[in-house]
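Engineer: Fold the following and give me the result.
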Amino acid sequence: MSSSSRVRVGTLVPFVEGKSGSPNASSLPMPSIPIFEGSNVVGRSNLVAVDKRVSRKHLSLRAVPDGSVEVVVEGTNPIVVRSEGQRRKVCAQQRAKIMPDDVLELIPGEYFMKYVNMSDERKISASVDSHDLKKGKRHSEEDSVAAKRNRQVMEDEALARTLQESFAEESASVTEVLSSLDSAGSSERNKERTHSVGPLKDVLPLSFRLMRVQGLPSWTNTSTVTIQDVIQGEVLLAVLSNYMVDMDWLLTACPSLRKVPHVLVLHGEDGASLERLKKTKPTNWILHKPPLPISFGTHHSKAMLLVYPQGIRVVVHTANLIHVDWNNKSQGLWAQDFPWKEANDMSTNIGFENDLVDYLRALKWPEFRVNLPVVGDVNINAAFFRKFDYSSSTVRLIGSVPGYHVGPNMKKWGHMKLRSVLEECVFEKQFCKSPLIYQFSSLGSLDEKWMSEFACSLSAGKADDGSQLGIGKPLIVWPTVEDVRCSIEGYAAGSCIPSPQKNVEKDFLRKYWSRWKADHVGRCRAMPHIKTFTRYNGQNIAWFLLTSSNLSKAAWGALQKNNTQLMIRSYELGVLFLPKTLQSVPQFSCTDKSRSNLDKLALGKNIKTKLVTLCWKGDEEKDPSAEVVRLPVPYQLPPQLYGPEDVPWSWDRRYTKKDVYGSVWPRHG
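Structural biologist: The predicted model follows:
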């Protein structure tokens with residue numbers, strides 16, 4: 001964090017209890033931590049060596065100009081505050097105020113930090129041998145594996161939890177305003193519509209939708225979905241996979257979930273958030289956090305598996321299970337229903353099925369046994385999900401699971417999985433050397449070598465004349481500071497675009513920045529939490545990926561050991577839309593009895609799919625054997641490059657120009 005972007009009021013200075021004077025800095029368990037006006041976070045990433053007793057967000061500190069600091073214990077373990085000879089234990093969710101010269105014990109009896117304000121810092125620094133300090137700092141930054149890993153914590157959306165919790169009050173007030181706008185409507189805002197786009201057709205089982213956004217004109221929510229649209233009907237078993245879960249909101253927004261007999265929640269929560277989740281969940285629900293074998297990974301996948309008497313609904317989307325994600329953001333969701341397999345059909349050679357079962361197996365949830373009306377007593381494990389007929393699937397699943405993947409497993413996950421699927425595909429000649437789009441909501445700490453590696457994977461595939469498509473030039477679609485300031489949430493929207501200045505403002509990234517322009521779907525002011533990657537030519541789409549993956553090595557993986565190993569930190573999941581030639585398929589639904597196995601399109605006829613944006617203006621009548629699939633790509637293609645005045649959003653800069661609610665950023669700075 002740049003000290004020039006925020007006002008510094010003091011420092012937490014480490015020391016070793018029992019030593020006289022100031023110890024050599026290389027012997028300290030953590031470096032000094034600068035404290036700035038407004039919000040600060042202290043946690044595991046500040047330690048030199050990993051200690052899981054210290055939560056990733058162990059303390060939040062709010063400093064005011066007079067130098068005093070309010071401390072809130074966010075982790076599960078207590079701290080101790082020593083002030084004026086008194087020693088006070090402060091437990092989870094409790095608050096304490098600290099003044100200069102007070103001491104914090106991050107774990108009682110361990111990790112001592114003295115709070116020093118700016119006026120006293122010179123005295124402290126004079127008493128420390130500068131040679132030892134530089135040597136210790138160099139040692140921790142260059143030689144310590146833990147320190148290198150600590151930097152990776154910035155690479156994923158773990159920052160979102162910190163920021164969303166910090167600004168919960170602001171989000172609530174914004175929501176009230178948006179709700180009133182939503183109910184009142186506005187004929188003026190209808191003038192914002194710049195393209196006439198019809199409703200999306202459901203002729204083929206390619207169901208990609210944007211989510212409904214409060215406070216926008218009604219036309220912008222045509223063909224959009226809410227959580228109630230997805231979770232409906234007689235659900236026998238639900239598997240809900242996500243990163244953040246607000247149980248109170250979920251059960252209020254979707255009360256039918258209370259009636260589901262068996263619910264498994266795969267989550268990424270920890271610390272106080274996990275304790276809240278345990279306390280608020282229904283008694284029959286099972287919680288499981290998939291194993292994270294590599295530091296600073298997250299369980300980030302967002303999906304639902306809903307089992308019905310008729311079959312299964314598979315849903316992959318981009319929203320956390322929290323209010324703001326399902327109401328205030330630009331988000332995407334794909335869903336398709338599949339019937340149970342016939343008793344004599346246990347074939348497993350369908351790519352989608354293998355993708356799904358391989359991914360579910362990696363989650364390692366504790367098996368449990370249920371009695372289902374259709375199949376009787378069954379174990380709910382990864383293999384159970386082979387009982388459904390996925391032959392009508394027209395997407396592929398692209399998953400990431402943490403680990404060091406070698407041999408054949410290298411091509412099963414992350415960007416290497418995407419590469420291997422694209423290598424098997426044939427595309428129209430128009431996509432040779434056509435550009436790529438990376439659109440996401442959190443930017444990792446990247447370098448040019450990895451960007452080349454990633455572009456190579458996304459450029460895989462052959463043209464219909466047998467030639468390789470060739471490397472495409474990527475552009476990054478990312479909101480500017482002005483976009484966030486003028487959004488329907490104001491600066492509060494920035495809490496869900498949690499990328500630090502040090503990642504965003506790298507010189508080599510400047511050539512990639514492109515504007516978030518979404519007039520055609522009315523979402524210029526609904527900041528994106530959706531993540532999409534695509535290759536396009538004009539309004540024609542070669543392929544399109546809707547995913548939970550941000551642009552980071554943690555999510556997509558990085559090649560190591562001379563390209564013989566792929567290292568991934570996090571769980572992610574996405575669906576890849578590809579052009580297909582397929583026989584007409586049943587239109588099956590688990591909840592709509594009018595759409596069943598008997599409803600077919602021109603039986604026995606081959607259908608080619610052609611992927612286009614909503615703004616495509618071709619002639620669909622030219623080739624009656626082709627089915628044009630309009631994907632609601634939520635941003636303008638081709639994107640508009642940043643102008644000289646445009647600044648990419650980063651959450652840890654200070655912005656003094658007031659937003660639409662009259663606030664500055666950070667809110668309490």
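Engineer: What count of nearby residues applies to the nearest residue to residue 572 once chain neighbours are set aside?
Structural biologist: Excluding the flanking residues, the one nearest residue 572 by Cβ to Cβ, 6 or more residues apart in numbering is residue 400, at 3.9 Å. All C-beta atoms are positioned from the backbone trio N, CA, C, and that covers glycine. The number of residues packed near residue 400 is 33, by other Cβ atoms under 10 Å.
Engineer: isn't residue 400 right up against residue 558?
Structural biologist: No. The criterion here is Cβ atoms under 8 Å, and residue 400 misses it with residue 558 at 11.6 Å.
Engineer: Below-threshold pLDDT in this protein: ranges please.
Structural biologist: The model of the chain has pLDDT under 70 over residues 1-5, 16-29, 48, 118-206, 581-586, 594-606, 620-625, 668-669.
Engineer: Domain boundaries for it, per the record?
Structural biologist: Residue ranges for each domain of the chain read 10-18+26-119, 208-594+601-631, as given by the TED database.
Engineer: Can I get those domains in TSV including distance to residue 644?
Structural biologist: Below are the domains of the chain laid out as TSV (distance: least, Cβ to Cβ, whole Å):
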stretch	distance to residue 644
domain 10-18+26-119	29
domain 208-594+601-631	11
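Engineer: Of those, which is nearest residue 637?
Structural biologist: domain 208-594+601-631 (5.5 Å; Cβ to Cβ).
Engineer: Correct me if wrong: residue 652 contacts residue 500.
Structural biologist: Yes. Counting by Cβ under 8 Å, residue 652 touches residue 500, with 4.9 Å between them.
Engineer: who's more crowded, those two?
Structural biologist: Each of residue 652 and residue 500 has its neighbours counted (other Cβ under 10 Å); residue 652 has more, 23 against 18.
Engineer: what's the more buried one sitting at in phi/psi?
Structural biologist: phi -100, psi 20 (degrees, to the nearest 10).
Engineer: Residue 493 too?
Structural biologist: phi -60, psi -30.
Engineer: Can you report how many residues neighbour it?
Structural biologist: Using other Cβ under 10 Å, residue 493 has 28 neighbouring residues.
Engineer: correct me, but it touches residue 527?
Structural biologist: Yes. Here residue 493 reaches residue 527: they are 4.0 Å apart, a contact under Cβ under 8 Å.
Engineer: what sits in contact with each of the two?
Structural biologist: Taking Cβ atoms under 8 Å, 6 or more residues apart in numbering as the contact rule, residue 493 and residue 527 both touch 329, 484, 487.
Engineer: what about the second one, distance to residue 544?
Structural biologist: When you say that, I think you mean residue 484. Per Cβ to Cβ, to the nearest Å, residue 484 is found 25 Å from residue 544.
Engineer: mind listing the strands for the stretch 501-650 of the chain?
Structural biologist: 513-514, 532-537, 540-547, 558-560, 565-568, 572-577, 581-583, 606-613, 626-631 (DSSP state E, counting those that start in this stretch).
Engineer: TSV for those, including mean neighbour count and distance to residue 214?
Structural biologist: Formatted as TSV, these follow (neighbours: other Cβ atoms under 10 Å; distance: least, Cβ to Cβ, whole Å):
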stretch	mean neighbour count	distance to residue 214
strand 513-514	20	27
strand 532-537	23	22
strand 540-547	24	22
strand 558-560	18	38
strand 565-568	21	35
strand 572-577	25	26
strand 581-583	13	38
strand 606-613	18	25
strand 626-631	19	24
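Engineer: just so I know, which of these lies nearest residue 416?
Structural biologist: Comparing the strands of the stretch 501-650 of the chain under Cβ to Cβ, the one sitting nearest is strand 565-568, at 5.4 Å.
Engineer: Neighbouring strands of that closest one in the sheet, and parallel or not?
Structural biologist: Strand pairing for strand 565-568, determined by DSSP bridges: strand 403-406 (antiparallel), strand 558-560 (antiparallel).
Engineer: mind checking how far the helix or strand following the longest one is from the chain centre?
Structural biologist: Think strand 403-406. Heading C-terminal from strand 403-406, the first helix or strand you meet, by DSSP states H and E, is helix 414-423. Relative to its chain's centre, helix 414-423 lies at 20 Å (Cα atoms, centre = their mean, to the nearest Å).
Engineer: in which helix or strand would I find residue 272?
Structural biologist: helix 271-280.
Engineer: partners of the next helix or strand after that helix, with directions?
Structural biologist: The C-terminal neighbour of helix 271-280 among helices and strands, as given by DSSP H and E, is strand 285-288. Paired neighbours of strand 285-288 in the sheet (DSSP bridges): strand 262-266 (parallel).
Engineer: Go ahead and name everything in contact with the strand it pairs with.
Structural biologist: 236-242, 245, 257, 277, 281-282, 284-290, 299, 301, 363, 365, 368, 370, 380.
Engineer: So which of the strands of the stretch 501-650 of the chain is nearest residue 94?
Structural biologist: Closest to residue 94 of the strands of the stretch 501-650 of the chain is strand 572-577 (Cβ to Cβ; 35.2 Å).
Engineer: what's in contact with that closest one?
Structural biologist: 206, 208, 241, 300-303, 316, 334, 359, 394-400, 414, 418, 421, 531, 541, 543-549, 555-556, 611, 629, 631.
Engineer: redo that, cut-off 6 Å
Structural biologist: With contact meaning Cβ atoms under 6 Å, 6 or more residues apart in numbering, strand 572-577 is reached by 300-301, 303, 316, 334, 395-396, 398-400, 544-549, 555.
Engineer: for stretch 530-538, same thing?
Structural biologist: In contact with stretch 530-538 (Cβ under 6 Å, 6+ apart) are residues 318, 330-332, 430-431, 434, 436-440, 472, 541-547, 549, 637.
Engineer: roughly how far apart are residue 261 and residue 237?
Structural biologist: With Cβ to Cβ as the criterion, residue 261 and residue 237 are 7 Å apart.
Engineer: Compare the two and say which is more crowded by neighbours.
Structural biologist: More crowded of residue 261 and residue 237, by other Cβ under 10 Å: residue 237, with 20 against 12.
Engineer: And the closest residue to the more buried one other than its chain neighbours, how far from residue 44?
Structural biologist: Spatial nearest neighbour of residue 237, chain neighbours left out: residue 307 (4.0 Å); criterion: Cβ to Cβ, 6+ apart. Counting by Cβ to Cβ, the gap from residue 307 to residue 44 is 38 Å.
Engineer: More neighbours: those two, which one.
Structural biologist: In this view residue 307 and residue 44 are compared by other Cβ under 10 Å, and residue 307 has more residues nearby, 27 against 23.
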